[in-house]
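K.L.:
sequence first, predicted coordinates after that:
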Amino acid sequence: KINLEFYIDIHAHSTMMNGFMYGNVFEDEERFQRQAVFPKLLCQNAEDFSYSSTSFNRDAVKAGTGRRFLGGLLNDTSYCYTLEVSFYSYILDGPTTAVPYTEEAYMKLGRNVARTFLDYYRLSSLVERPLAPTPKTR
């Protein structure tokens, strides 16, 4: 038995711009809302990530993906996503300003994903659990 909190399958996308995510749909509205937190935080950290392009679905054609398979297998505290990132560019400041992705831009998005994990766990520790007392040191 493994407690897995996050699964993120990373792919390049050949037609859409920016980074965006696919997530699962759940009958439990609270679980569905909790699943949206990580992509919303990522949107705040990464100028090339688009929450408006993020989609939560259960399309039959995607049933074999890691996100869909593990989302149905793992418990309700696990979050499974596909992170898609454009092969080409991302949009800044309106529909006419396309910035080509470079190796450094992809690396920056990766750092922003890591930063988002920090934000997520800081937020969840404040929301879900009372703060633990600070151990006394000598």
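P.N.:
Yes, it's here. Residues are numbered from 1 along each chain as shown.
K.L.:
how about the residue nearest the centre of the chain, secondary structure?
P.N.:
Nearest residue to the geometric centre of the chain (CA atoms, centre = their mean): P39, 4.2 Å. Here P39 is recorded as helix under DSSP: H, G, I helix; E, B strand; the rest coil.
K.L.:
tell me if I'm right that it and G19 touch.
P.N.:
No - taking contacts as CB atoms under 8 Å, P39 lies outside contact range of G19: 9.7 Å. C-beta coordinates here come from the backbone N, C-alpha and C atoms, glycine included.
K.L.:
and the closest residue to I91 other than its chain neighbours, what does it touch?
P.N.:
Distances taken as CB to CB, 6 or more residues apart in numbering put M17 closest to I91, at 5.2 Å, once the chain neighbours are dropped. By CB atoms under 8 Å, 6 or more residues apart in numbering, M17 lies in contact with S50, S86, Y88, S89, Y90, I91, A98.
K.L.:
same check on H11?
P.N.:
T82, L83, E84, V85.
K.L.:
that one sits in which helix or strand?
P.N.:
Assigned by DSSP states H and E, H11 belongs to strand 6-13.
K.L.:
pLDDT weak spots in this structure?
P.N.:
For the chain, applying pLDDT under 70 flags the ranges 1-2, 61, 94, 126-138.
K.L.:
and the angle for the lengthiest helix in it with strand 6-13?
P.N.:
In the chain, taking DSSP state H as the definition, the longest helix is helix 103-128. In terms of direction (axes from the mean of the first three to the mean of the last three CA atoms, to 10 degrees), helix 103-128 departs from strand 6-13 by 150 degrees.
K.L.:
give the other helices and strands that helix 103-128 contacts.
P.N.:
Secondary-structure packing of helix 103-128 (3 or more CB pairs under 8 Å, 6 or more residues apart in numbering; DSSP states H and E): helix 37-45, strand 79-86.
K.L.:
of all these, which one comes closest to F117?
P.N.:
Shortest distance between F117 and the helices and strands packed on helix 103-128, using CB to CB, is found for helix 37-45: 8.3 Å.
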